[in-house]
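Trainee: Sequence and predicted model, in that order:
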Amino acid sequence: MNFVTLIYELLIIPKQDQMPIKKTGEGLERVIGVPGLAITVINGIIGAGIFALPAIVSIQLGAFGIYAYIFGCILMATIMLCYTEIGTRVTSSGGSYAYVEAAFGNFAGFIINWLYFLGFGAIGSAAVINIFADSLSVLFPVLTNNLVRALLFFVMLGFMALLNIRGTKQSVQFLKVITVIKLVPLIAIIIFGFSHIKPSNLHWQNLPPLKTFGDTVLVLVFAIAGFEASLSVSGEIKNSRRTVPLGILLGSVLVFIIYMLI
């Protein structure tokens, strides 16, 4: 799929978001449109990590850190383009492992699914939820207690599991609320932070060592990744040829703007 073909499919093919809900061969209803997918992308990328990573970037690179964000976003954009194309072709649920399974068979898909579950699903989520608890512990010191923290994790994960069991529509509506709650403090930082900018702090005298820059970009990739999880529910996305490219594009551009302003 080249750029011209992509634009043609997005602009020329009639919109189908208002068509009656259809069920897939998996028995799932296709209810997720462009706004829902874009919000899922934003929510998947912007996590608790962005509240901690800017400090790490500033310590390592200083004012040159803005280029680490730009470089990291460029790297992630190349991956997004791959997902955008294949997401319009493989429309069954599963995301990454469904794509690998379609290309290389069941065994390869099985391996990818477990690697994804352990690496991103378990370890990555554990890191994010711990940062969340650490942030809350500033206001509620009781969360420094391991037992109380474990109870918080149990309640949060249990609620998310029940919400997913309840249905996709309810999950998307909840994601919209959570995304707004998550973006409000970030937007507040951007708005009120402008008055505290000192131009002298934006200058950098020397280029940082290449290894330091590379290591920092690698850490930032963690803050930029996460969009691929939104395609795990491909079996519930309506009109994938239009929704997937527009949803990923809209969500990722908004994330890029927010990260640059922060």
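Mentor: Received the coordinates, thanks.

Trainee: quick one, helices of the stretch 151-262 of the chain?
Mentor: For the stretch 151-262 of the chain, helices defined by DSSP state H, counting those that start in this stretch occupy the ranges 168-193, 210-224, 240-261.

Trainee: how far away is the most centrally placed residue in the chain from Pro199?
Mentor: Residue closest to the average C-alpha location in the chain (Cα atoms, centre = their mean): Ile45, at 2.2 Å. Counting by Cβ to Cβ, to the nearest Å, the gap from Ile45 to Pro199 is 30 Å. Any C-beta I mention is one placed from the backbone N, CA and C, and that applies to glycine too.

Trainee: Need the nearest residue in space to Ser240, chain neighbours excluded.
Mentor: By the measure of Cβ to Cβ, 6 or more residues apart in numbering, the closest residue to Ser240 outside its immediate chain neighbours is Thr91, 4.6 Å from it.

Trainee: Hmm, the one you found is touching Gly235, no?
Mentor: Yes: using Cβ atoms under 8 Å, Thr91 is in contact with Gly235, at 6.9 Å.

Trainee: What pLDDT is listed against Phe107?
Mentor: pLDDT for Phe107: 91.

Trainee: Please list all residues in contact with it.
Mentor: For Phe107, no contacting residues are found, by Cβ atoms under 8 Å, 6 or more residues apart in numbering.

Trainee: SS state for it?
Mentor: Look at Phe107: counting by DSSP: H, G, I helix; E, B strand; the rest coil, its state is helix.

Trainee: just checking, Thr216 touches Ser58?
Mentor: No: the pair Thr216 / Ser58 is not scored as a contact, 9.9 Å apart, by Cβ under 8 Å.

Trainee: Could you check how far Ala161 is from Asn239?
Mentor: Relative to Asn239, Ala161 is positioned 29 Å away (Cβ to Cβ).

Trainee: Let me see the contact set for the residue nearest to Ser240.
Mentor: Thr24, Ser234, Gly235, Ile237, Ser240.

Trainee: And for the helix or strand hosting Leu81, what's in contact with it?
Mentor: Leu81 belongs to helix 65-87 when assigned by DSSP states H and E. The contact list for helix 65-87, computed with Cβ under 8 Å, 6+ apart, reads 1, 6, 54, 57-58, 61, 99, 213, 216-217, 220-221, 223-225, 227-228, 231, 234, 240, 244-245, 248-249, 252, 256, 259-260.

Trainee: Give me the buried subset of those.
Mentor: Listed as buried from these are 6, 54, 57, 61, 99, 213, 216-217, 220, 223-225, 227-228, 231, 234, 240, 244-245, 248-249, 252, 256, 259; burial here means 16 or more other Cβ atoms under 10 Å.

Trainee: State the phi and psi torsions of the residue located most distally from the centre of the chain.
Mentor: In the chain, Gln205 marks the outermost C-alpha relative to the chain mean, sitting 33.7 Å out by Cα atoms, centre = their mean. Note on Gln205: its backbone torsions stand at phi -90, psi -40 [degrees, to the nearest 10].

Trainee: that older thread, which of Ala161 and Asn239 has more residues huddled nearby?
Mentor: The neighbour count for Ala161 versus Asn239, taken as other Cβ atoms under 10 Å, is higher for Asn239 (22 against 10).

Trainee: In terms of pLDDT, where does the more buried one sit?
Mentor: At Asn239, the pLDDT recorded in the model is 79.

Trainee: Ramachandran angles for it?
Mentor: With angles defined as degrees, to the nearest 10, Asn239 sits at phi 50, psi 60.

Trainee: Lys182 versus that one, what's the distance?
Mentor: 27 Å.

Trainee: Any idea how far stretch 144-161 is from the middle of the chain?
Mentor: Stretch 144-161 sits 22 Å away from the centroid of its parent chain (Cα atoms, centre = their mean, to the nearest Å).
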